[in-house]
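Q: Build me a structure from this.
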Amino acid sequence: MNKVVALVGMCGSGKSVVNEFFRDKGYFSIYFGGITIQELEKRGMDVTPENEKSVREELRRTHGMAAFAILSLPKIEEILKTQNVICDGLYSWSEYKVMKEKFGDNLTIVAVYAAPRLRYERLSVRDVRPIVPEESKKRDYAEIENIEKGGPIAMADYTLINDGDMDKLMDQVRMAYLKITE
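A: Numbers count the residues shown, from 1 in each chain. Here you go, the predicted model:
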């Protein structure tokens, strides 16, 4: 049976690096945040932190707190017929519960953690959608308080500490991958 791995963690923690590793191992990547980007493009809106937040919150008001899992389920189920899936950016407790109910023990949650100071520094210099530290902090608070983001991180099957040393992170990623594929 093909596997579902879902990545959780705060913005800038390193989920994309872990996602890339799993993609390189043949996992099909589904980026939950891509739903927001697609909706912005469909509406002809610029991809900005403010617009992303607005659309994310609207999608959750429309579909509930499990919106991104619910909207991604058909694609996940289709891909699982032929290959493993890595879901990048499962955020809310409700999304976690939907995924856990649907996939049970076939779902593995991998948290990627980095201290806020380090994440804010990374986010301010990244090539795609850079965010100044003040905005990163506001986003953290909003995601923790409004999007139930802490629950899935707390329930992770594996927690990878990304404290700045890429070799150390990749060693952890490889170890988690080996355990998941046992």
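Q: Helices of the protein, start to end?
A: Taking DSSP state H, the helices of the chain run over residues 15-24, 34-43, 49-63, 67-80, 93-103, 116-125, 133-146, 150-154, 166-180.
Q: Of the ones you listed, give the one that comes closest to residue 109.
A: helix 150-154 (6.2 Å; Cβ to Cβ). Using the backbone N, CA and C atoms, a C-beta is placed for each residue, glycine as well.
Q: gap between the closest one and the chain center?
A: 12 Å (Cα atoms, centre = their mean, to the nearest Å).
Q: which strand in the chain runs the most residues?
A: strand 107-113 (DSSP state E).
Q: Would you agree residue 64 is in contact with residue 93?
A: No: using Cβ atoms under 8 Å, residue 64 is not in contact with residue 93, being 11.6 Å away.
Q: Pick out whichever of the two has more residues nearby.
A: Shown here are residue 64 and residue 93; by other Cβ atoms under 10 Å, residue 93 has more neighbours (19 against 14).
Q: Who are the contact partners of that one?
A: 65, 148, 150-152 (Cβ atoms under 8 Å, 6 or more residues apart in numbering).
Q: Ok, residue 114 next?
A: 9-10, 12-14, 122, 161-164.
Q: For residue 69, state which of these is nearest.
A: Nearest to residue 69 among the contacts of residue 114, with distances taken as Cβ to Cβ, is residue 9, at 16.2 Å.
Q: nearest residue to that closest one other than its sequence neighbours?
A: residue 112 (3.9 Å; Cβ to Cβ, 6 or more residues apart in numbering).
Q: can you check residue 159 too?
A: Closest to residue 159 by Cβ to Cβ, 6+ apart is residue 111, at 4.4 Å.
Q: Identify the bridge partners of that neighbour.
A: Beta-bridge pairing of residue 111 under DSSP bridges involves residue 8, residue 159.
Q: Can you give me the distance of residue 8 to residue 26?
A: Residue 8 sits 21 Å away from residue 26, going by Cβ to Cβ, to the nearest Å.
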